[in-house]
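Colleague: Would you be able to build a 3D model of this:
(2 chains)
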There are 2 protein chains.
Amino acid sequence: MSVALITGVNGFVGRLLAEKLSANNRHIVGIDIQDKSILPDIQYFKADICDIDIMANIFSKTQPQEIYHLAAVSSPSYFHTEPFNSFRINLMGSISLFEVMKKSTCNSVMLAAGSAKQYQEPAGPGPVTESGILNPSGYYGMSKYAVEMIGRYYVQQHDLDIRFTRSFNHTGPGQANNFVCSDWARQVALIALGMQKPEISVGNIKAAIDFTDVRDVIEAYRLIVQNGKKGEAYNVCNGKGIDLKYILDYLTKKCPSQISICVKQEKFDVTAANAGLIGNYDKLHKETGWNPQIPIEKTLDDIYAWWVNNLR
Amino acid sequence: MSVALITGVNGFVGRLLAEKLSANNRHIVGIDIQDKSILPDIQYFKADICDIDIMANIFSKTQPQEIYHLAAVSSPSYFHTEPFNSFRINLMGSISLFEVMKKSTCNSVMLAAGSAKQYQEPAGPGPVTESGILNPSGYYGMSKYAVEMIGRYYVQQHDLDIRFTRSFNHTGPGQANNFVCSDWARQVALIALGMQKPEISVGNIKAAIDFTDVRDVIEAYRLIVQNGKKGEAYNVCNGKGIDLKYILDYLTKKCPSQISICVKQEKFDVTAANAGLIGNYDKLHKETGWNPQIPIEKTLDDIYAWWVNNLR
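Modeller: Numbering: from 1, shown residues only, chains lettered A, B, ... in the order given. Down below sits the predicted model:
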């Protein structure tokens, strides 16, 4: 049975990816910073990925053939309040893994999850391809940009098999409510359950966002490791922008009450960047056969249902 | 008396800068990782610059108006063998200082020393200006590139007064002998003193290098803090390439013995990048009046004399 190691396994993407890979006949080794694994049936290590000795020890014990490096600070607000620790986790955590991979004998394939926020904004007309200009304008994008830059050098100098993603916005059931779809779905569910007055507070509702369902995203990650190429970067995206106003209307219609919309300044994320960037996934499709499968309406239905279940 | 804080004060550049600024009526606060200061008359702290709490404490105690951030791993061979610790020092050390500066009430000006290795090579025809493409191809350049990228964001978001340099090769008396001019001068001095057989081992002797005397470099740093602009980057360079063969001939002529040249493969630095890149310092000259003053022959005379004195 092939061994797949997932860093940040307790995260939104990590949990779902672990379940998917487990169903695809992998033995899952999960790493995260919490005491316990959220998933019961995996081999779990509580570890700080920046601790290179501990990570080397885990690699040596478990001999992973596949590494999905998802552990990162992605919340703009945490990055804004704790930039030092955020850069430490995103930068040093990745370099730690590159070093461990370099010294290990596993010949493993690593997927290093990056971000659309690495791209320059505005990207110019039309969806951005992987040859778009990389010039991040926020902390998070900078951290991911630096990781890809340094990771490419490891590929070139040490022949490591690292594959990079530039993942656009993703969402789905179970996402924390500091992300927009989940936040709004939660508020509508609270109203429907009579736990919040019929008023929903929102920030920006004017942008069109390239959202991919997280279940499509994890399938892309699986396929990139299976069929992608060493040293390449792949956009993981939906290829079109979905109006935030459409999402808001779709969600508020789920509740029979008349819901008033309250725009609040503090909901505008001062550190948000590339909100309106749309990606092109031709390269990913061509090399791996991947296409997004789940329409935004199903995604929103499932997020809403998740909150109704979890708030009751 | 104005307070100038120098990180990496025990280094080649730090020591000389401390002496110069001290002569220019600054109280010097020096930070380095060794137990003791090399200079006797400064306020010295042994500290790891990545330790943000200790750094904040030093800032709060000393209230520096000027910060010269020189502490960094610059040796390609150390970077090559210890990339994790090198990136930690160069990246997290700089982010630590940006954070401390952000939270301090000093309104200080920081000079963050960067590198010509941030530029893409080859740079195209003619000396590279500050608008040249930044696309580093080695670890060290990547670390400096990331520091400038992140530092610019601190300037933009938090109005910090950080000024960046892209410093080209510099040399001078007292430089360690893992840098080429110092290495060769030392070997010739050893031969002249009868301590080495009349054979000098060299690596690449074909490149033309943009060398600036370290005493010109520290004057540039002083002037950038005095007359430079917030958020700007400055090439610190000589503006012309000096043939390594010329340097070798100049140094070997100092010794009456016939010296044979032995090219050794291990002396070619596998991690060296941008060896032949020539800089343009028009911007630095225009804004600060700086010009390089010391011709390479005087630099080489002084390096040679330093070794003769120190080897005897």
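Colleague: Would you mind measuring from whatever residue of the stretch 51-200 of chain A ends up closest to chain B to A:Phe87?
Modeller: The nearest approach of the stretch 51-200 of chain A to chain B comes at A:Ala146, 4.3 Å away (CB to the nearest CB). C-beta here means a position set from N, CA and C on the backbone, and glycine is covered the same way. Using CB to CB, to the nearest Å, we find A:Ala146 at a distance of 9 Å from A:Phe87.
Colleague: Return every residue with contacts to both of those two.
Modeller: B:Leu91 (CB atoms under 8 Å, 6 or more residues apart in numbering or on different chains).
Colleague: What residues does chain A have near chain B?
Modeller: Contact residues (CB under 8 Å from any CB of the partner chain) of chain A with chain B: A:52, A:83-84, A:87-88, A:91-92, A:95-96, A:99, A:136-139, A:142, A:145-146, A:149-150, A:153.
Colleague: can you do 7 Å?
Modeller: A:52, A:83-84, A:87-88, A:91-92, A:95-96, A:99, A:139, A:142, A:146, A:149-150, A:153 (CB under 7 Å from any CB of the partner chain).
Colleague: Residues contacting stretch A:37-50, please?
Modeller: Residues outside stretch A:37-50 that contact it (CB atoms under 7 Å, 6 or more residues apart in numbering or on different chains) are A:7, A:9-10, A:15, A:18-19, A:28-35, A:54-55, A:58, A:62, A:71, A:88-89, A:92-93, A:96-97.
Colleague: Could you list the buried residues of that stretch?
Modeller: Within stretch A:37-50, the residues that qualify as buried are A:37, A:39, A:42, A:44-45, A:47-50, counting by 16 or more other CB atoms under 10 Å in any protein chain shown.
Colleague: Please tabulate those in JSON lines, including the columns secondary structure and pLDDT.
Modeller: Listed next are the buried residues of stretch A:37-50 as JSON lines, based on DSSP: H, G, I helix; E, B strand; the rest coil; pLDDT from 0 to 100:
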{"residue": "A:Ser37", "secondary structure": "coil", "pLDDT": "97"}
{"residue": "A:Leu39", "secondary structure": "coil", "pLDDT": "95"}
{"residue": "A:Ile42", "secondary structure": "coil", "pLDDT": "97"}
{"residue": "A:Tyr44", "secondary structure": "strand", "pLDDT": "98"}
{"residue": "A:Phe45", "secondary structure": "strand", "pLDDT": "98"}
{"residue": "A:Ala47", "secondary structure": "coil", "pLDDT": "98"}
{"residue": "A:Asp48", "secondary structure": "coil", "pLDDT": "98"}
{"residue": "A:Ile49", "secondary structure": "coil", "pLDDT": "98"}
{"residue": "A:Cys50", "secondary structure": "coil", "pLDDT": "98"}
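Colleague: tell me the two of these that are most distant?
Modeller: Greatest spatial distance in those: A:Leu39 and A:Cys50, 23.1 Å, computed using CB to CB.
Colleague: Let me see the ranges of the helices in the stretch 51-200 of chain A.
Modeller: Using DSSP state H, counting those that start in this stretch, the helices of the stretch 51-200 of chain A run over A:52-62, A:76-81, A:83-87, A:93-103, A:139-158, A:180-192.
Colleague: next structured bit after the helix or strand containing A:Glu287?
Modeller: Applying DSSP states H and E as the criterion places A:Glu287 in helix A:282-288. Following helix A:282-288 in sequence order, the next helix or strand is helix A:296-311 (DSSP H and E).
Colleague: and the direction of that following helix versus that of helix A:180-192, what angle?
Modeller: Using axes from the mean of the first three to the mean of the last three CA atoms, to 10 degrees, the inter-axis angle of helix A:296-311 relative to helix A:180-192 is 50 degrees.
Colleague: Distance from the chain centre to helix A:296-311, please.
Modeller: Relative to its parent chain, helix A:296-311 has a centroid offset of 18 Å by CA atoms, centre = their mean, to the nearest Å.
Colleague: Okay, domains of chain A per the record?
Modeller: For chain A, the structural domains run A:2-170+A:212-236, A:176-209+A:241-276+A:294-311, going by automatic domain parsing.
Colleague: Would you mind giving these as TSV with distance to B:His285 added?
Modeller: Below are the domains of chain A laid out as TSV (distance: least, CB to CB, whole Å):
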stretch	distance to B:His285
domain A:2-170+A:212-236	28
domain A:176-209+A:241-276+A:294-311	36
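Colleague: hey, least reliable of those domains by pLDDT?
Modeller: In terms of average pLDDT, domain A:176-209+A:241-276+A:294-311 trails the rest of these, at a mean of 91.
Colleague: Where do the strands of the stretch 201-312 of chain A begin and end?
Modeller: Taking DSSP state E, counting those that start in this stretch to define them, one finds strands in the stretch 201-312 of chain A at A:208-209, A:212-213, A:233-236, A:242-243, A:260-263.
Colleague: Parallel or antiparallel, which strands does the third one pair with?
Modeller: It refers to strand A:233-236. strand A:161-167 (parallel) (DSSP bridges).
Colleague: Need the CA coordinates for the partner strand. CSV is fine.
Modeller: The C-alpha trace of strand A:161-167 is given here as CSV (Å, rounded to 0.1, in the frame of the first residue of the first chain):
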residue,chain,number,x,y,z
ASP,A,161,10.1,15.9,-7.8
ILE,A,162,8.1,18.8,-6.6
ARG,A,163,4.9,20.0,-8.4
PHE,A,164,3.4,23.3,-7.6
THR,A,165,-0.2,24.5,-7.6
ARG,A,166,-1.5,28.0,-7.9
SER,A,167,-4.8,27.4,-6.3
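Colleague: Okay, buried residues for it please.
Modeller: Neighbour counts over strand A:161-167 (16+ other CB under 10 Å) mark A:161-167 as buried.
Colleague: what separates stretch A:249-263 from the chain centre, distance-wise?
Modeller: Counting by CA atoms, centre = their mean, stretch A:249-263 comes out at 28 Å from the chain centroid.
Colleague: of the domains of chain A, which approaches B:Gly279 most closely?
Modeller: When the domains of chain A are compared (using CB to CB), the closest one is domain A:2-170+A:212-236, at 22.2 Å.
Colleague: Compute the first-to-last residue distance for that closest one.
Modeller: 25 Å (CA to CA, to the nearest Å).
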